[in-house]
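Visitor: sequence and predicted structure are below.
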Amino acid sequence: MNLNLFTVQDFSSSIDRMAAKRLGQWATRLYIVLFIIGLSIPSLYTIIRSQTLTKTYVKPSFKLYEKLQRDHENALECPCSSIATTYNEFVKIDARFHHICSSPFASNQWYINLTAGLVSNLSIYDQRDYRRFFSVHLQFLQGLCNISIESVSNTIDQFLSSLLITTQLLSKKNFDTRVNSQMELSKSNAPTTLGHFLFLVRNINHGNAIISKYGTNFQYILDCEYPCWTYLFTKAIFYDDECSCGLSPLCTTQASFFKSNSSEKIPIQGLKMGCTPSESFRASTLECFYNQSCLDLIQKYTNYKPRIDPISSNKSQFSINTTIAELIDHLFIEEWNTTINYTTYFEKCSPLSCSYTYIQRFNLFYIITLLIGFQGGLTIVLKWICPKLVYGLTKIYNYRKRQTNIIQPSCSHGISTINITTTNVYNADIDPKSIPTNRTLRDYNCDDHADIISYDRNNVIFGLLGHENSNFEQQPILSPIGYEMITDIVVGDFDSDTYQDIIVTYYRSSIIKILLNRCECCKRNRL
């Protein structure tokens, strides 16, 4: 690849253009490799790694919030700008009470008109005649309805004036659940509060044995034998099943009218008489007020002239034989009517923003954007560092190469010298000056050219190495040994290694030197 992205100025002004071109090509290759690796690593990491993203909408409208809530549900978070709001801002509550409380039977005017026909001195009626109880039962009914309505009204006001505190905007489902749970708690507290109050009053009356002014729980006994005593004895009255008012305030019997001058009893449907008017009325039912014939009977014995119409039982959740005690436990409430306005709650919360977080594993647009932004910085860094890195490595390489050429020889020549001392006896006279120098012709360095081994008169052994151009290169092999004279040179492969070895014999000391050729360098024109 001959592509070159760099100029001479990217390296050094001291190098020539050819060297700069060669270094530029290497730097370009390094740049491309590092650029590909640099983009591949973040791309692969981005593809594999899951990415958590947050989408935020500033001051969203209610319609936008509804859409976001449908799409993201629990992942949506909307901090409220106003964290506390009273319930009356977005909740309306009222209660529908039992028809008896809205009927004429629970009104004060009807009580006055109905009892106007009775004798003011109720003692003229028989002790068990219901006319002694009827007026007080109507008063008690009126009082129960009023106290129930008041208790419910106080409970509603208390609830509506309390605060709903939310730091985050609640979803409609969670909002309805929370508001309804608070309302149910308030609804359950109202009957409990009234029930505790009535329970306290009843127990005080019975525990202190307070005598009813109607003489229905205790009876005074006058002892004629002791007329001077300043106090009277009392005797508890018994009702059905031998129930004594001295032991229980719950003793009752069927309410009845007594005919004048007769002991005949006319029973009244659903109504009871007992130890106290309040306890007997708690055990009674409203059946008579649903029955026209029963109301006609009351009209007859109370001397009430206008017609009395019964109440309707069609719209009541309670049966006609439900006791007054059960109605008190429910505060005479037929149903609760509740209206919750979630839109108003949203406006009161007034979220500053809505955001949701989601996990994204692969986003092509994000990866492309990331790579575009990343490659700009990567290009600048690589274009700066690649030429300097290549130039530095080249200088190190050249320096090490020069050091290698200086310190280490191109070849080594191993010479082994063996000194052999022999004793020779010669009978002939030899004139050293007449001995000619010996020459041998062989290929010593394995280059297929004949080489010459010889020595001169100074007893220096040297070689003439042949070359292709028919020239010879002289190379010394062995220096002279003192005043010894060379007698002969023998060439051959004496150690069976395929290389030519040399044996040199000397005249005076009878020394033989063997030169063994052990180096492959002979192939490079060296001995």
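Guide: Now that the structure is in, tell me what you want to look at. Since the model is a prediction, treat every value here as computed from it, not as a measurement.

Visitor: contact partners for the nearest residue to Thr193 once chain neighbours are set aside?
Guide: Distances taken as CB to CB, 6 or more residues apart in numbering place Ser151 nearest to Thr193, at 6.6 Å, with adjacent residues excluded. Every C-beta, even on glycine, is put in place using the N, C-alpha and C of the backbone. Contacts for Ser151 (CB atoms under 8 Å, 6 or more residues apart in numbering) come out as 190, 193-194, 331.

Visitor: and for Val460?
Guide: Counting by CB under 8 Å, 6+ apart, Val460 has contacts 476, 478-480.

Visitor: what do you get if the cut-off is 6 Å, keeping everything else the same?
Guide: Residues in contact with Val460 (CB atoms under 6 Å, 6 or more residues apart in numbering) are Pro480.

Visitor: that one and Leu515, how far apart?
Guide: Distance, Val460 to Leu515, by CB to CB, to the nearest Å: 14 Å.

Visitor: what does Cys80 give?
Guide: Using CB to CB, Cys80 is found at 106 Å from Leu515.

Visitor: who has more neighbours out of those two?
Guide: With neighbours defined as other CB atoms under 10 Å, Cys80 and Leu515 compare such that Leu515 has more, 23 against 20.

Visitor: which phi and psi does the more buried one have?
Guide: In terms of degrees, to the nearest 10, the main-chain angles of Leu515 are phi -110, psi 110.

Visitor: count of residues packed around the residue nearest to Ile211 when sequence neighbours are not counted?
Guide: Using CB to CB, 6+ apart and skipping residues adjacent in sequence, the residue nearest Ile211 is Phe218, 4.7 Å away. The number of residues packed near Phe218 is 18, by other CB under 10 Å.

Visitor: okay, Phe218: pLDDT?
Guide: Phe218 carries a pLDDT value of 88.

Visitor: try Arg202
Guide: With respect to pLDDT, Arg202 scores 88.

Visitor: shaky segments in the stretch 1-150 of the chain?
Guide: 1, 8-9, 13-14 (pLDDT under 70).

Visitor: now the helices for it?
Guide: Assigned by DSSP state H, counting those that start in this stretch, the stretch 1-150 of the chain shows helices spanning 17-48, 62-72, 99-102, 108-115, 131-161.

Visitor: and the ones you listed as CSV, adding distance to Ser355?
Guide: CSV is the format used below for the helices of the stretch 1-150 of the chain (distance: least, CB to CB, whole Å):
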stretch, distance to Ser355
helix 17-48, 23
helix 62-72, 9
helix 99-102, 52
helix 108-115, 61
helix 131-161, 32
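
Visitor: and among those helices, the most buried is which?
Guide: By mean neighbour count, with neighbours taken as mean count of other CB atoms under 10 Å, helix 99-102 ranks first of those at a mean of 20.

Visitor: hmm, back to that, tell me the bridge partners for the residue nearest to Ile211.
Guide: Beta bridges link Phe218 to Ala236, judged by DSSP bridges.

Visitor: convert the C-alpha atoms of stretch 64-82 to CSV, please.
Guide: Presented in CSV, the C-alpha positions along stretch 64-82 are these (Å, rounded to 0.1, in the frame of the first residue of the first chain):
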residue,chain,number,x,y,z
LEU,A,64,-49.4,15.0,27.7
TYR,A,65,-49.2,13.5,31.2
GLU,A,66,-52.0,11.1,30.5
LYS,A,67,-50.2,9.9,27.3
LEU,A,68,-46.9,9.5,29.2
GLN,A,69,-48.7,7.7,32.0
ARG,A,70,-50.3,5.2,29.6
ASP,A,71,-47.0,4.6,27.8
HIS,A,72,-44.6,4.4,30.8
GLU,A,73,-46.8,3.9,33.9
ASN,A,74,-44.6,3.3,37.0
ALA,A,75,-41.4,4.5,35.3
LEU,A,76,-42.8,8.1,35.1
GLU,A,77,-41.7,10.5,37.7
CYS,A,78,-43.2,14.0,38.1
PRO,A,79,-42.1,16.1,41.2
CYS,A,80,-44.8,18.4,42.5
SER,A,81,-44.2,22.1,42.9
SER,A,82,-46.8,22.1,45.6
